[in-house]
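K.L.:
Structure of the sequence below:
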Amino acid sequence: EYIFSLREQRGDKPQTLNRVRRQVDRINKYIGHMKLVDIRPQHLNEMYKKLAEPGANTCGVYAAPAVDFKELLAGDSFETFASKCGVSWAVIRRLCHGQNISLKNADKVSKSLGRSDLFTVVGSGKPLSPGTIRSYHGVVSMIFGNAEKEMIVQYNPAERVTLPKMKKVRNQEAIQTDILKKILAALDKERIDFKMLVHMLIVTGCRRGEVLGLTWNDVDFDNEQIFVDKSVSYLPKKGIFCDTTKTENSRYVSIPKETVALLRRYRAWQTDQRILIGDLWQDNDLVFSKWNGTFLYPASVNIKLSEFCKRNGFPNLHPHLFRHTAASILLSNGIDVLSVSK
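P.N.:
From the prediction side, this is the model:
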């Protein structure tokens, strides 16, 4: 907790602190019972070996619903039922659609409802990748480095371990242009708010959270560009929040004329929706929002995109894939790497 307080004071982002906390929980299972002064490089090497064993990676292991969750809701909304279970509404929505959820969320639901027959475990765990193990090592090294600096330990044992060899980095995926054209054509059949959201992801290459953080004040119709300086995220204990971008760098992103035209149409549609909703509308000036003007859950974008792909026979797409694709298209059109990176 002391290290976390230092990192918070330093200004680390909540998402970073949340990731480190999860890693520390995992690390504590192996060496959490030992005093810092008693931990040697050997203990760390043993931990890294265990992380490299089959089953250490639980990302491929899920809980599949074994009952009809629509019946369990008994008239409750997703939000109400999710609140009872201590999970997000998106988790309950997945269960009602017969989709898998994480083991952690399944455990919360089972305990909240007092039942052990709600799920079956599917999938098999793989080893953690060398890169992920090195990420855990980075957390360990940070903690011991600080302890050494404050003279709690005589040396940093993390500096004397043998780390797994890094594998060759695989090439990032990108959507082929013929598939991209089919996606754009299929979007013409969708409601304009979803069409606009995916269109914006495609033409700007922005991160999902950056698109959700856009306000109308960030849209410069005359100069055909948007200003990106914030991002929407979600953490279980914090909820939805808006923060600076991942790199804390603001930037202008040019948009084509057809995007500007679509934005004008979409804004008119949103204005009509606001009039229909009346006093229930919360004016946050958001370009993309829930029905009442509040922030969209980032995960809802993935869910809607997955449903869109199923309806149209596309392979499963995730929002970040559009970012890779935008970079690939820019590079193929002769834009230099530095400009693309910026």
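K.L.:
isn't Asn18 right up against Tyr234?
P.N.:
No. Proximity of Asn18 to Tyr234 does not meet the contact threshold set by C-beta atoms under 8 Å, at 10.3 Å. Glycine gets a C-beta too; all of them are placed from N, C-alpha and C.
K.L.:
Neighbour count: these two, which is higher?
P.N.:
The residue with the greater number of neighbours, taking Asn18 and Tyr234 and applying other C-beta atoms under 10 Å, is Tyr234; the counts read 19 against 15.
K.L.:
That one pairs with what?
P.N.:
According to DSSP bridges, Ile240 are recorded as the beta-bridge partners of Tyr234.
K.L.:
any idea which helix or strand carries Cys242?
P.N.:
Taking DSSP states H and E as the definition, one finds Cys242 inside strand 239-243.
K.L.:
any chance you could read off phi and psi for Phe227?
P.N.:
Dihedral pair for Phe227: phi -110, psi 120, per degrees, to the nearest 10.
K.L.:
tally of neighbours for the spatially closest residue to it that is not a sequence neighbour?
P.N.:
Across the structure, with C-beta to C-beta, 6 or more residues apart in numbering as the measure, the residue nearest Phe227 apart from its sequence neighbours is Asp218 (4.4 Å). Burial measure for Asp218: 20 neighbouring residues, criterion other C-beta under 10 Å.
K.L.:
still on that earlier bit, show me what counts as buried in the strand holding Cys242.
P.N.:
Of the residues in strand 239-243, those buried by neighbour count under the rule 16 or more other C-beta atoms under 10 Å are Ile240.
K.L.:
would you list every one of the strands in the stretch 1-150 of the chain?
P.N.:
Here the stretch 1-150 of the chain has its strands, by DSSP state E, counting those that start in this stretch, at 62-65, 119-122.
K.L.:
returning to what we had before: just the C-alphas of the helix or strand following the strand holding Cys242, formatted as PDB.
P.N.:
Next along the chain after strand 239-243, taking DSSP H and E as the criterion, comes strand 251-254. Listed in PDB are the C-alpha atoms of strand 251-254, where the atom choice follows Å, rounded to 0.1, in the frame of the first residue of the first chain:
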ATOM      1  CA  ARG A 251      -3.700  16.100 -30.700                       C
ATOM      2  CA  TYR A 252      -5.800  17.200 -33.700                       C
ATOM      3  CA  VAL A 253      -7.000  14.500 -36.100                       C
ATOM      4  CA  SER A 254      -8.200  15.300 -39.600                       C
END
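K.L.:
now the helices: where do they sit in the stretch 201-342 of the chain?
P.N.:
For the stretch 201-342 of the chain, the helices identified by DSSP state H, counting those that start in this stretch occupy 208-212, 257-277, 298-312, 319-332, 337-341, in order along the chain.
K.L.:
Ok, which of these comes nearest Gln42?
P.N.:
Distance to Gln42, taken as C-beta to C-beta, is lowest for helix 319-332 among the helices of the stretch 201-342 of the chain, at 38.9 Å.
K.L.:
next one: that closest one to chain centre, how far?
P.N.:
The chain centre lies 18 Å from the centre of helix 319-332; the measure is C-alpha atoms, centre = their mean, to the nearest Å.
K.L.:
Equivalent analysis for stretch 27-46, please.
P.N.:
For stretch 27-46, the separation from the chain centroid amounts to 30 Å (computed by C-alpha atoms, centre = their mean).
K.L.:
quick one: contacts of that stretch?
P.N.:
47, 50, 136-137, 139-140, 144, 147, 152-153, 157-158, 160-162 (C-beta atoms under 8 Å, 6 or more residues apart in numbering).
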